[in-house]
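# need a 3D model of the sequence below.
(2 chains)
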Amino acid sequence: MNDQWTARLSEYLDGELAPAEQTALEAHLVSCDACRTTLEELRRVVTNARALDDRPPAADLWPAVAARIGVSSRLKARPVVRRLSFTVPQLAAASVVLALLSGSAAWLIVRRGTAPTPPVLVSERAPALRNASAYPGDVRFDAQVADLERALARGRGRLDTATVRVIERNLRIIDRAIRGAQSALAADPANSYLNLHLAQEMRRKLELLRQAATLAGARS
Amino acid sequence: MVLTTPGVATLRRDPDQRALGDAETADAALAASGDGRAFERLYRAHVARVHSLVRRMVGPDHADDIAQDVFVRAWTKLGTFRGEAAFGTWLHRVAVNVILARRTTLGTERSRYVDSADVLDGVAGRAAAPELSMDFEEAIGRLPDGARQVFVLHDVEGYRHEEIADMLGIVAGTSKSQLHHARMALRRHLER
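Alright, predicted model coming up:
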């Protein structure tokens, strides 16, 4: 199979033939089994190409990148064992501390009359643990959370509504994951995977809140 | 050479990732001010995408080095990211620039874009023998440099022939021809 139309099949597939050529090729395809088969194979090649999965490098490149740009690798430097050491009571205790911090922050903002919007940009359906630290007991981290909430409250009015919707939608997604992990942990409190998963989701939420606050500040 | 916006979405992302685009814009702003943690988050979100692009374009031997170069270049160029496009799209352009700049040192120059199907016979021939089950991505890697890069840029990354021609310093007709030859060779590696 190698007739005059074979070399034009990719252009036909990509819709790049002139109308007259396209009509002629389609007429040819009716009577040429080989070209029809080849066209279908080419179509599958394109489909395969678009479905290729991305794979990370075998070895983490970040340490080398970090060294070249002169920054530390702090995300990787966090000891994993610390994430595995959480328990539900610890997380609950952290939530109480953060609730107090959040309440104090809100009170201060309202008292000063500088907050045009509610102090916390989260869904009303957010669970009680929604602002708990991913690193319970880390007072500095907890303080950063309180700072974040104040910054977000100040800047929320500067975010456009589409951005707020995106943030709130993602917070709801994360909240669902947190609630799911909490429910599972209630049945299996010692499960290290569930503890890690819960901590990661809570950290994810905190990261999103932090980024949202930054975005609000950046647009001021 | 000026890189243009790809004709098709350059970074295929799921809805959740798209929804976090604003967060990445914020991280890019933080990174531009020297926040290494923010840049590491961006690195971890995009390293698989960047490394896969590099690996497909230049092969596995130099992929790690060039992927590092991409992120180092991105770090130095963060000040030019205005948030008008998604960070991933901007990073993709940086990556393509770095890859194409490295083509010269890797020996993949314009002379490799010979408009001939002969160089592809080897790929097809090998596939017909014991390696019929060769992984599709491995088969891409066995294409000659020119055909492979055109195929990756067009069929995987979604660039148009005119854009590819501009990037690679060839004419659009050569890009179309190389693409067709690449597809013809690769169809023999499809799973039966």
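# nearest the geometric middle of chain B, what residue?
What sits nearest the mean C-alpha location of chain B, by C-alpha atoms, centre = their mean, is B:Leu53, with 3.7 Å.
# just checking, what packs against the host helix or strand of that one?
Element membership for B:Leu53 (DSSP states H and E) is helix B:36-58. Judged by 3 or more C-beta pairs under 8 Å, 6 or more residues apart in numbering or on different chains; DSSP states H and E, helix B:36-58 is in contact with helix A:62-69, helix A:74-77, helix B:21-32, helix B:63-77, helix B:87-106, helix B:136-141, helix B:145-151. Every residue, glycine included, has its C-beta placed from N, CA and C.
# ok, back up a step: which residues touch the residue nearest to the centre of chain B?
Listed by C-beta atoms under 8 Å, 6 or more residues apart in numbering or on different chains, the contact partners of B:Leu53 are B:His92, B:Ala95, B:Val96, B:Ile99, B:Val152, B:Glu157.
# how about JSON lines for those residues, with distance to A:Arg55 added?
Formatted as JSON lines, the contacts of B:Leu53 follow (distance: C-beta to C-beta, whole Å):
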{"residue": "B:His92", "distance to A:Arg55": "17"}
{"residue": "B:Ala95", "distance to A:Arg55": "15"}
{"residue": "B:Val96", "distance to A:Arg55": "19"}
{"residue": "B:Ile99", "distance to A:Arg55": "17"}
{"residue": "B:Val152", "distance to A:Arg55": "14"}
{"residue": "B:Glu157", "distance to A:Arg55": "16"}
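# for A:Asn48, state which of those residues is nearest.
B:Val152 (12.6 Å; C-beta to C-beta).
# next, work out how far apart the residue in chain A that chain B sits nearest to and B:Gly141 are.
Going by C-beta to the nearest C-beta, chain B is nearest to A:Val71 of chain A, at 2.8 Å. Distance, A:Val71 to B:Gly141, using C-beta to C-beta, to the nearest Å: 33 Å.
# how about B:Asp65?
17 Å.
# of those two, which one has the most company?
B:Gly141 (18 against 14; other C-beta atoms under 10 Å in any protein chain shown).
# which residue packs closest to the more buried one, ignoring adjacent ones?
B:Gly59 (5.7 Å; C-beta to C-beta, 6 or more residues apart in numbering or on different chains).
# same question, A:Leu39
Sequence neighbours aside, A:Leu9 is the residue nearest to A:Leu39 in space, at 5.2 Å (criterion: C-beta to C-beta, 6+ apart).
# report the contact partners of that neighbour.
A:Leu25, A:Cys35, A:Thr38, A:Leu39, A:Leu42, B:His180.
# break the chain into its domains for me.
Here I'm looking at chain A. Recorded structural domains for chain A (assignment: automatic domain parsing) are A:6-50, A:79-218.
# oops, wrong one, chain B.
Using automatic domain parsing, chain B is parsed into the domains B:15-106, B:110-189.
# distance between the longest one and the chain's centre?
So that's domain B:15-106. Counting by C-alpha atoms, centre = their mean, to the nearest Å, domain B:15-106 is centred 12 Å from the centre of its parent chain.
# please, which helix or strand holds B:Leu179?
helix B:172-186.
# and that helix, what's buried?
Neighbour-count burial for helix B:172-186, counted by 16 or more other C-beta atoms under 10 Å in any protein chain shown, picks out B:174-186.
# right, is it up against chain A?
Yes - applying C-beta under 8 Å from any C-beta of the partner chain, one finds helix B:172-186 touching chain A at B:Lys176, B:Ser177, B:Leu179, B:His180, B:Arg183, B:Met184, B:Leu186.
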